[in-house]
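Enquirer: When you get a sec, could you give me coordinates for this:
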Amino acid sequence: MKKVLVIEDDKMIKTILNHLLGKEGYCIDFAMDGEEGARKLLHTDPDVVITDIQLPHVSGMTLVTLSKKLNPNRPVFVVSSLGSETEIVEEALAQGANEVLTKPIAFEDIAEKIRNVLLLEAV
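Expert: The predicted structure is shown next:
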């Protein structure tokens, strides 16, 4: 069973992702702030990371960098409420994010993107 770490402080998004990704058969772990997310990245080995950009304590951008340092091949998706601001997107991609998703999130798209990136890894 593939493990997905979701680092998100919005409880509604957490609930929806838990339901949707659980239905897809993923084992989901959550962190409600960047500090907890960093701890979980250091002590667990998720297959995929989904992180918000704006988090309490440690930024999502820092978590992208940490995740890629720990495992350069791990897919990381960044979620941003800052829209498609070019600087945010460029920085996230430069840090190694696979994709930047803007809020409001098309939740079904996330499940499909995770499925696709995991399939590519298996090839």
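Enquirer: pLDDT of stretch 74-81, averaged?
Expert: Along stretch 74-81, the predicted confidence averages to a pLDDT of 89.
Enquirer: Name the SS class of the residue at minimal distance from the centre of the chain, please.
Expert: Nearest to the mean C-alpha position of the chain, by Cα atoms, centre = their mean, lies residue 50 at 0.9 Å. Of the three states, residue 50 takes strand according to DSSP: H, G, I helix; E, B strand; the rest coil.
Enquirer: Enumerate every residue touching it.
Expert: 4, 5, 6, 7, 8, 17, 76, 77, 79, 110 (Cβ atoms under 8 Å, 6 or more residues apart in numbering). C-betas here are computed from N, CA, C, even on glycine.
Enquirer: In stretch 68-78, which residues are buried?
Expert: Buried residues in stretch 68-78, counted by 16 or more other Cβ atoms under 10 Å: 68, 74, 75, 76, 77, 78.
Enquirer: To clarify, my last question referred to stretch 56-67.
Expert: 58, 60, 61, 62, 63, 64, 65, 66, 67.
Enquirer: Can you list the low-confidence ranges for the chain?
Expert: Applying pLDDT under 70 to the chain picks out residues 82-85, 120-123.
Enquirer: can you pull out the helices in this protein?
Expert: In the chain, the helices defined using DSSP state H lie at 11-23, 34-43, 60-70, 86-94, 107-122.
Enquirer: Distance from the chain centre to the second one, please.
Expert: Relative to the chain's own centre, helix 34-43 is displaced by 12 Å; criterion: Cα atoms, centre = their mean, to the nearest Å.
Enquirer: circling back: which two of the contacts of residue 50 have the greatest separation?
Expert: With Cβ to Cβ as the measure, no two of those lie farther apart than 17 and 76, at 14.9 Å.
Enquirer: out of the buried residues of stretch 68-78, who's nearest residue 116?
Expert: Of the buried residues of stretch 68-78, the one sitting nearest to residue 116 (Cβ to Cβ) turns out to be residue 75, at 9.5 Å.
Enquirer: how about the closest one, phi and psi?
Expert: Phi and psi for residue 75, reported as degrees, to the nearest 10, are phi -70, psi 140.
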